[in-house]
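Enquirer: Task: produce atomic coordinates for the following.
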Amino acid sequence: MGRFMTKSEILFEKFCQARGIPYDRVPTGTAKTPDYNIYVNGTKISVEVKETDPNPKEQQKIKEFDSQGTITIKNPLGTRIRGKITDASGKFKEAVQNGHPSILVLHNNVRLYKHTSPLDILAGMYGQLYFPVSGNPGASLRIGKIKSGPKKKMTPYANTSISAVGVLEQSNNGDPDLSIYYNFHAKVPLNPLLLSPFYIKQYRVNDRNNPTGWIEKPPQ
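Expert: Have a look, this model is predicted:
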């Protein structure tokens, strides 16, 4: 009997087939390995595919919505993304050693929640966003410009084996789409020209010193 495939894996394979991207599944073993390898213009790219499923709290919120028709959702940006990055830790060790780029592909499988929104990806990779506030007691407060803060998962010393984070979404007609968010700390950068022919949206941060947003443009 074949291995059970998750929804995200089915969507990923469907995406590769629709775009004509050669791929193969990596056999599982005792060592940590990615799920797939894809091959683009002579370059091997390692790919780990993960999805976010409803946790107990989210299941309860979805149940409340179905019965009441309205709910309030309070969910810190990037929480589930940071967890998936941690889960993928060590998966791309061999890829880095062999000079191959890698992509951590994520699919949100939680109804009503937007765990893979651009801001969630940004906060998960580069830290929580905040506004610095200063001033003396009793005086007017000064609110500074938005900054990138704590809980960074992508740094010069952490998760450098991940070249980019991909978001796999399903359109209304069922077709999968893929967006790529680059990790500028990657030891083996992913060449954006490799993905250009496949109608994949590609994003880089607006400022490497203070990443607070995405620009739909591959790294220079």
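Enquirer: For the protein, just list every one of the helices.
Expert: 7-19, 56-68, 79-87, 93-97, 118-126 (DSSP state H).
Enquirer: tell me the average confidence for the fourth one?
Expert: Helix 93-97 shows a mean pLDDT of 93.
Enquirer: which one is Pro189 nearest to, not counting chain neighbours?
Expert: For Pro189, ignoring the flanking residues on the chain, the nearest one in space by C-beta to C-beta, 6 or more residues apart in numbering is Ser163 at 6.0 Å. The C-beta positions use only the backbone N, C-alpha and C, and glycine is treated the same way.
Enquirer: The one you found and Phe131, how far apart?
Expert: 31 Å (C-beta to C-beta, to the nearest Å).
Enquirer: and the longest strand belonging to the chain, what other elements does it pack with?
Expert: Across the chain, the longest stretch assigned as strand under DSSP state E is strand 43-52. Of the remaining helices and strands, those touching strand 43-52 by 3 or more C-beta pairs under 8 Å, 6 or more residues apart in numbering; DSSP states H and E are helix 7-19, strand 36-40, helix 79-87, strand 102-108.
Enquirer: Pipe those into JSON lines and attach mean pLDDT and distance to Lys50 per row.
Expert: What follows is these, written out as JSON lines (pLDDT from 0 to 100; distance: least, C-beta to C-beta, whole Å):
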{"stretch": "helix 7-19", "mean pLDDT": "95", "distance to Lys50": "7"}
{"stretch": "strand 36-40", "mean pLDDT": "96", "distance to Lys50": "12"}
{"stretch": "helix 79-87", "mean pLDDT": "94", "distance to Lys50": "5"}
{"stretch": "strand 102-108", "mean pLDDT": "97", "distance to Lys50": "6"}
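Enquirer: Could you point out which of those sits nearest Gln60?
Expert: helix 79-87 (16.2 Å; C-beta to C-beta).
Enquirer: Not counting that closest one itself, show me its contacts.
Expert: 50, 52, 104, 106, 115-116, 120-121, 123-125, 151, 153-154, 159, 162, 165 (C-beta atoms under 8 Å, 6 or more residues apart in numbering).
Enquirer: mind redoing it with 10 Å?
Expert: 48, 50-53, 55, 58, 76, 78, 104-106, 108, 110, 113, 115-117, 120-125, 127-128, 151-154, 158-159, 162, 165, 167, 181, 183 (C-beta atoms under 10 Å, 6 or more residues apart in numbering).
Enquirer: Excluding residues flanking it in the chain, which one is nearest Glu13?
Expert: Tyr23 (7.0 Å).
Enquirer: and that neighbour, what pLDDT?
Expert: 97.
Enquirer: Quick check: bridge partners of it?
Expert: Judged by DSSP bridges, the bridge partners of Tyr23 are Ile38.
Enquirer: What are the neighbouring residues in contact with it?
Expert: 12-13, 15-17, 35-40, 45, 47.
Enquirer: For the nearest residue to Val188 once chain neighbours are set aside, give me the pLDDT.
Expert: Nearest residue to Val188 in three dimensions, chain neighbours excluded: Pro101, at 5.0 Å (C-beta to C-beta, 6+ apart). For Pro101, the pLDDT comes out at 97.
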